[in-house]
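> no sequence for this one, just the structure:
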């Protein structure tokens, strides 16, 4: 069952103030992981996310389940953390992980010694790695260019962060946590070195305007500093922007990495129906400074195509940027590790900074341990033991049915599969999926539906399906169609400003239909 | 008789063919794939400045009457659509907006999202209610396929009984040959029957079919599913063309050519990255920031060779010509006008 | 493969004879099969529904982006792991036992060492022997001496459509040994012709190409429409397809042209044996169209069209049955 308990929870609150043991701010992987961990330990908690889950870095990354290889040389702590968590996640959340395996590939222009440094570092840090000959490499990954010099295989995988985070949210709710998206924290009141009240604005209008928590966990990712400032606290963090692009089709079987000191354009990850190429690194001036430049796009294609030549002819359907919250500065040198920070000024405000998607569960465990220590709750973490969802088993008969398990995990069984009609052809999304997602209460916008179903993520970027999804939303609940449509298409547009070739043709067809015929202005 | 080769099977190409045939040319029209005309709404957004009577004659036919003036229709999402000329059931005269509309469509089929459309109409002050027909037609199946026989229309007419709204808005489901069914339905229901303005559907194909029919009737030889791969040039003249189709190829001799191959959408022009170019690698192309506007440089309707010489017997028409003023969602009127100018240019040469 | 060029215009869907038939709702359609499915890890899950396609090439012809949809759909078929349809199993059994897709009824073999081979194809040697006889008679009366060899087997095209590659290759090998004895091969079936040219590398000529330019007459009275075979027009040559009409008109047949004369009969691509209901539904639709035009019959140049439309309840003649030499 998708949780309909949101409204129950909301309506059970007293009108003006709400007491909670723990308020978690931020619905990315970290926040959702903490909510799940605490709920499984019986802690009364509420998670608020100002946008939709995965609003920040959790929704703007590679979708890479790190083997740890990438950090073995420069950041050994992160490397071993990744290696361990990789195994755990494969055990507890197999549905949202594609077991692609990973290859690190070097080319003639790369430092020839790095491969050995890499192998040694992997071995010292518990990152399983084995070398393949170029012939073996080409056999297992035919798309690799013939220029490769050395190749090391690791346990990288690709992961769907939206499915992962949603599963954490669902599990947290099952265990009694209240989790709400589209609820923003707007201010905090501090008294005697403690946060006593947190002001809240709920887009749905159901939540009382202030919460009174015992402990506030600030898991707001790139917004951690902004949130901490509400309580007068200062968290030193680096914001680093990385650009990624989505290429249509699965361009490689494995995750393909560049075997050289970490640099730009090192990674290609196939997930669902596309390949994500990344990434770059520059300082970001704010959490919303995620803009991607043409130079970024050219670089990404150039560098990744050096490893996988067919990428040069690939169709880039979208570009996006993510802002990474990094501890202690920005840039490639900054640690990917994480820390839990608090100040005397507001001793019950715990800010979580740094980290990465692959180690979200570990971060959540550490934070939850600390929270429980403060609360005097002696329970131990169970998140590495409890399953988030089963190994994916697809039904036959259609692609839609076959992919349900992978996208929805445990929740796949609540989707009515008797109606075979597909609403999004690019991603083969069923009408029933959209109906189920909309009636769950979490999805207020077309983009919300997109994150949960993938409708609109394909190469036509919503041209075909947006109207049909909108129609279903209107069937299930009344929304402003014009506003919703424009909001969604503008968001999709933002990723197509760099469109070239066939994607530019696609965009032009979209403009003919949406701007020209339907008259939906303001699409530029 | 002089032989003309028209390359392109959309509005610009077909109108060129028709005009040339009427002026006594022996015309062969070569085209491949679906032209933009067939993807369009089938309506002319603006009134033509030249050749208005020729266009009216070209489009007049016994199967589907066309109306022109200040016309307004409803798009399939419920927004207002204004144009100069359309089939009779697509628009009304601007002052005659219906006060109430019944939005009727197949439940869950993309041809007409009835609730969205009704909501948009209500938001604009037009009283509208949605009437989803029960059914389970897959999204990729054209709805028109379910409305090919008398039983389906009978059933539809029955279902519309008792609708109190002044007008009924239907999805686009009729071909040229079946257009009369809308007339019949209107008589039967005693209500105004409107067809939602629909791109990428039967409405555009219908217009393209009509144009091809008129061209054939006037003696044009239509070579469908074929593509001109190269042109034989002598000085500033094109004297021949190589045409391929299936596993076959033919060479033909020509006295004049109209290039009406369309935009990048239909591969009439080549778009590599953001760079526009001529698929024949022969003629000059003007490029703009927006690839919509880019296309062949047509000096007085005639194309210019890469070496700068104006071709004496090659004219360009339609979307493949550059046009600074071209906008999204329109193009039929401009295409027809440019075809008229292209033919005139060839005759003057 | 260039299916990455798709801009979602939907032209292929509007052109597809299966999607435009009420019985075609289980066919995922050319776009899902040829463009979208290849991008999925789960593409095999479409299963046997991808076979609900008559391989008529209408989608490919309609595509403004020039996507080779038919080839892409064939590729998906070739990777399919689902169990064969009963009709296809039978076809494979037949080929295994006696080298043809249907049982052979023809017994007028000509094995006289002529340099020209007439290759009727499995349907012509099986269910439509009158087609074979009439073409043979016609060729002879035009002075074209020919063999009809009993050693020639199925061209292999239907086997390729259902992914039976080894079988198709074996047939090719064995047929080539027979073809080696001849200078010229004439065919009745556009599907065979395409196969022989494309896969065997032999310059096989379809009957229409042989008849073009000959002095012919027809005794047919009444009005006849055309069924222009898909694999003739969209596979071999649209010009040769046009020759069908011009040959008949020159011979004095009252030919009634109509817009959808080149629409699929529903018989190709393994549909006839694999999905007989859909196949006959499509055929019936075409027959309704011809009936509404009030013609006395339909003339075609493909055994599958002859067979499938004939079953739809209209008089169908192969070109060999419609004409004879003038003198």
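Received it, and whenever you're ready, just let me know what you need. Values in this document were obtained by computation on a predicted structure and should not be read as measured data.
> quick one: residues contacting the closest residue to chain B within the stretch 201-327 of chain C.
Chain B sits closest to residue C:237 of the stretch 201-327 of chain C, with a gap of 3.5 Å, by C-beta to the nearest C-beta. From N, CA and C alone the C-beta is placed, and that goes for glycine too. Going by C-beta atoms under 8 Å, 6 or more residues apart in numbering or on different chains, residue C:237 touches B:245, B:246, B:247, B:248.
> what's the answer for residue A:506, then?
Here residue A:506 is in contact with A:317, A:459, A:460, A:461, A:463, A:499, C:7, C:8 (C-beta under 8 Å, 6+ apart).
> quick check, nearest of those to chain B?
Using C-beta to the nearest C-beta, the shortest approach to chain B within those belongs to residue C:7, at 7.0 Å.
> helix, strand, or coil at that closest one?
When classified by DSSP: H, G, I helix; E, B strand; the rest coil, residue C:7 comes out as coil.
> still on that earlier bit, also near chain B: which of the contacts of residue A:506, exactly?
For chain B, the contacts drawn from those by C-beta under 8 Å from any C-beta of the partner chain are residue C:7.
> report pLDDT for the residue of chain A most remote from its centre.
Counting by C-alpha atoms, centre = their mean, the extreme residue of chain A relative to its mean C-alpha position is residue A:192, 36.9 Å from that point. Residue A:192 carries a pLDDT score of 95 in this model.
> what do you get for residue A:329?
The model reports residue A:329 with a pLDDT of 58.
> show me where pLDDT drops low in the chain?
Unless you meant another one, I'm taking chain A. Counting by pLDDT under 70, chain A contains low-confidence ranges at A:1-16, A:328-336, A:522-524.
> oops, wrong one, chain C.
If you take pLDDT under 70 as the line, chain C has these spans: C:327.
> again, only using 80
Chain C contains residues with pLDDT under 80 at C:326-327.
> how many neighbours does residue A:521 have?
Residues within reach of residue A:521, counting by other C-beta atoms under 10 Å in any protein chain shown, total 10.
> up against chain A, what does chain C have?
Applying the criterion C-beta under 8 Å from any C-beta, the portion of chain C that neighbours chain A consists of C:4-9, C:28, C:31-32, C:36-43, C:45-47, C:49, C:65.
> and these, which of them are buried?
The neighbour-count criterion (16 or more other C-beta atoms under 10 Å in any protein chain shown) marks C:4-9, C:28, C:31-32, C:36-43, C:45-47, C:49, C:65 among the residues of chain C next to chain A as buried.
> quick one: residues contacting the closest residue to chain C within the stretch 51-200 of chain A.
Across the stretch 51-200 of chain A, no residue is closer to chain C than residue A:98, which sits at 7.5 Å (C-beta to the nearest C-beta). If a contact means C-beta under 8 Å, 6+ apart, then residue A:98 has A:157, A:158, A:159, A:270, A:271, A:406, C:41 as its contacts.
> and what of residue C:116?
Remark: with contacts taken as C-beta under 8 Å, 6+ apart, residue C:116 is in contact with C:144, C:145, C:146, C:147, C:182, C:183, C:184, C:185, C:186.
> neighbours around the third one, how many?
By that I understand residue C:146. 21.
> which part of chain A gets nearest to chain B, residue-wise?
Counting by C-beta to the nearest C-beta, chain A gets nearest chain B through residue A:516, at 1.4 Å.
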